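[1] Have a look; sequence and predicted model below, questions after that.
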Amino acid sequence: MAAPDIVVTGIGTFSPLGVNVQDTWTALLAGESGARTLPYPWAEELELPVRFAGITKVDPTEVLDRIEAKRLDRGAQLALIAAREAWADAGSPEVEPTRLGVDWATGIGGVWTLLSAWDTLKEKGPRRVPPMTVPMLMPNAAAAAIEMEFTARAGARTVVSACASSNESIGNAIEHLRRGYADVIIAGGTEACVHALPLAAFAQMQALSKRNDAPELASRPYDSGRDGFVLGEGAAALVLEREDHAKARGARIYARVLGGAVTSDAFHISAPDPDPNGSVPRAMRLALEDASVTTTDVAHINAHATSTPVGDIAEYKSIRNVFGDHLDEVVVSATKAATGHLLGGAGAIEAVFTVKALQERTAPPTINLTAQDPEIVLDVATSPRKLPDGDLVAVSNSFGFGGHNAVTVFATA
């Protein structure tokens, strides 16, 4: 029996660019940046070398009920907001609970809760540690919150694969829908670790841009002056559905999800494998094979493109290895320039951007690219770029610490 076709029927996001998909997409097309100087006094007090990040445009506690927010770590708060938008956008489908699943992701988990509880323990003693600390800090907290919100009983699974996490969660959702484990799955990812410790640690790795005087210009993928990524926070969700189920209920379909693949480098805990014939290009080839398309079918790529000197060139060489001369016909977007790097939420929000690009036939711009690295020969959209008429195929890439690689292939509805 042939595997069922999978479609996207709802999308949601809560990001540094906006409180919903429309606001986020509009800001992205307008070339806005979500990077801003941190409002937290500890950034100055601790003399952090990096004092800016892509923090959400609105605090999630302004959106959620006070009691509800109190019981969720910031990452789970963001996830629940995004999932609610995606579910409403899908028409709040009536689904038997045992046919509704959740495939969610995070890269780090409840770091705010963990570090706050540690401070409380040191300063006030064990009796003052909040009793909900463990349920709030566990990496699967967001998946659990979404599962309970929508009574999803076909499984609530959590992927933790660093910056490839939520792209991998989408891949898992594809597999679970194809296998018949569910009819509808809420997939996506979240991250909220704009906290002093992660900022200090990433800075010590020389991974972050240090442009404290101009945060909005700091993330500059493919630019000769790139000096590291901008840490971001946010969440994004996609309602994925068997096409027959979606059509039976008259759902609007944004795009088709053709396939995906994951591989691992087995090379280095944080550095990308520089081999242009290695696991990164293999992930792209396997994803295209799973999607039953060829490289010449692809018109658009949302690249991982974090704005690190080493990472951007390594990804470019891998893409060139896979696509060859056809890459010159592909429009590439590097949207982390606007959002910052959402770590475990990055693949999900970039999947939403890929879906919107296909729906509106517009590749979003890569901001801050003023002097393209001559070693990176790509057609990068620096302003909104119209995509061709007809059926379109787009690829979304995500790669993470530990050598995790995840690629998903989408197509017009």
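    Great, that's in hand.
[2] Not counting sequence-adjacent ones, nearest residue to Y222?
    What sits nearest to Y222 in space, not counting adjacent residues and going by C-beta to C-beta, 6 or more residues apart in numbering, is I376, at 5.0 Å. Any C-beta I mention is one placed from the backbone N, CA and C, and that applies to glycine too.
[3] Measure how buried the one you found is and give me the count.
    For I376, the neighbour count with other C-beta atoms under 10 Å is 20.
[4] now it: how far from A299?
    19 Å (C-beta to C-beta, to the nearest Å).
[5] circling back to that earlier point, tell me the SS of the residue nearest to Y222?
    Under DSSP: H, G, I helix; E, B strand; the rest coil, the three-state class of I376 is coil.
[6] just L288 next, same as before
    helix.
[7] Ok, the one 5 residues further on next?
    Following three-state DSSP, the label given to V293 is coil.
[8] Please state the backbone phi and psi of A394?
    phi -130, psi 150 (degrees, to the nearest 10).
[9] That one: what's its closest spatial neighbour, skipping adjacent residues?
    Sequence neighbours aside, H300 is the residue nearest to A394 in space, at 4.1 Å (criterion: C-beta to C-beta, 6+ apart).
[10] Equivalent analysis for T294, please.
    In space, and not counting its chain neighbours, T294 is closest to L288: 6.6 Å by C-beta to C-beta, 6+ apart.
[11] how many neighbours does the one you found have?
    Neighbours of L288 (other C-beta under 10 Å): 24.
[12] Relative to Q359, how far out is the residue found closest to A162 once you drop the neighbours it is linked to in the chain?
    Leaving aside its chain neighbours, A162 sits nearest to G400 (3.0 Å; criterion: C-beta to C-beta, 6+ apart). According to C-beta to C-beta, G400 stands 27 Å off from Q359.
[13] Looking only at neighbour counts, state which of those two leads.
    Here G400 and Q359 are compared on neighbour count by other C-beta under 10 Å; more neighbours surround G400, at 25 against 18.
[14] Check what pLDDT that one gets.
    The model reports G400 with a pLDDT of 96.
[15] cool, M1 as well?
    58.
[16] Use 38 as the first number from now on
    Let's use 38 as the start, then, which means that last one is M38.
[17] Now V299: phi and psi?
    The phi/psi pair for V299 (degrees, to the nearest 10) is phi -130, psi 150.
[18] give me the element E212 is part of.
    Assessed by DSSP states H and E, E212 sits inside helix 202-215.
[19] Tell me the first helix or strand C-terminal of that helix.
    Downstream of helix 202-215 (by DSSP H and E), the next one is strand 221-228.
[20] Could you list every helix and strand in contact with that following strand?
    Strand 221-228 sits against helix 111-126, strand 137-142, helix 178-187, helix 202-215, strand 271-279, helix 383-397, with contacts defined as 3 or more C-beta pairs under 8 Å, 6 or more residues apart in numbering; DSSP states H and E.
[21] Export the helix or strand following the fifth one to CSV, keeping only CA atoms.
    Moving toward the C-terminus from strand 271-279, the first helix or strand encountered (DSSP H and E) is helix 280-285. The C-alpha trace of helix 280-285 is given here as CSV (Å, rounded to 0.1, in the frame of the first residue of the first chain):
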residue,chain,number,x,y,z
GLU,A,280,-4.1,14.5,2.8
ASP,A,281,-7.2,12.3,2.6
HIS,A,282,-8.2,13.3,6.1
ALA,A,283,-7.6,17.0,5.3
LYS,A,284,-9.7,16.9,2.2
ALA,A,285,-12.5,14.9,3.8
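[22] Go through helix 280-285 and flag the buried ones.
    By neighbour count on 16 or more other C-beta atoms under 10 Å, the buried set for helix 280-285 is 280, 282-283.
[23] What lies in contact with it?
    41-44, 46, 220-221, 290, 293 (C-beta atoms under 8 Å, 6 or more residues apart in numbering).
[24] Turn these into a markdown table, including pLDDT, distance to L115 and neighbour count.
    Formatted as a markdown table, those follow (pLDDT from 0 to 100; distance: C-beta to C-beta, whole Å; neighbours: other C-beta atoms under 10 Å):
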| residue | pLDDT | distance to L115 | neighbour count |
| --- | --- | --- | --- |
| P41 | 84 | 31 | 16 |
| D42 | 95 | 30 | 16 |
| I43 | 98 | 25 | 25 |
| V44 | 98 | 25 | 25 |
| T46 | 98 | 21 | 25 |
| D220 | 98 | 26 | 22 |
| V221 | 98 | 22 | 27 |
| I290 | 98 | 26 | 15 |
| R293 | 98 | 27 | 21 |
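[25] Among these, name the ones in helices.
    Among the contacts of helix 280-285, no member is found in helices (DSSP state H).
[26] biggest separation within those residues, which pair?
    D220 and R293 (16.2 Å; C-beta to C-beta).
[27] Residue ranges in the stretch 88-237 of the chain under the pLDDT threshold?
    Along the stretch 88-237 of the chain, no part satisfies pLDDT under 70.
[28] Kindly report the domain assignment for this structure.
    43-285, 297-444 (automatic domain parsing).
[29] Adding distance to A450, write these out as CSV.
    Below are the domains of the chain laid out as CSV (distance: least, C-beta to C-beta, whole Å):
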stretch, distance to A450
domain 43-285, 7
domain 297-444, 8
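[30] Report the separation between the spatially most central residue of the chain and D416.
    The centre of the chain sits closest to A383, judged by C-alpha atoms, centre = their mean, with a distance of 2.1 Å. Separation of A383 from D416 (C-beta to C-beta): 22 Å.
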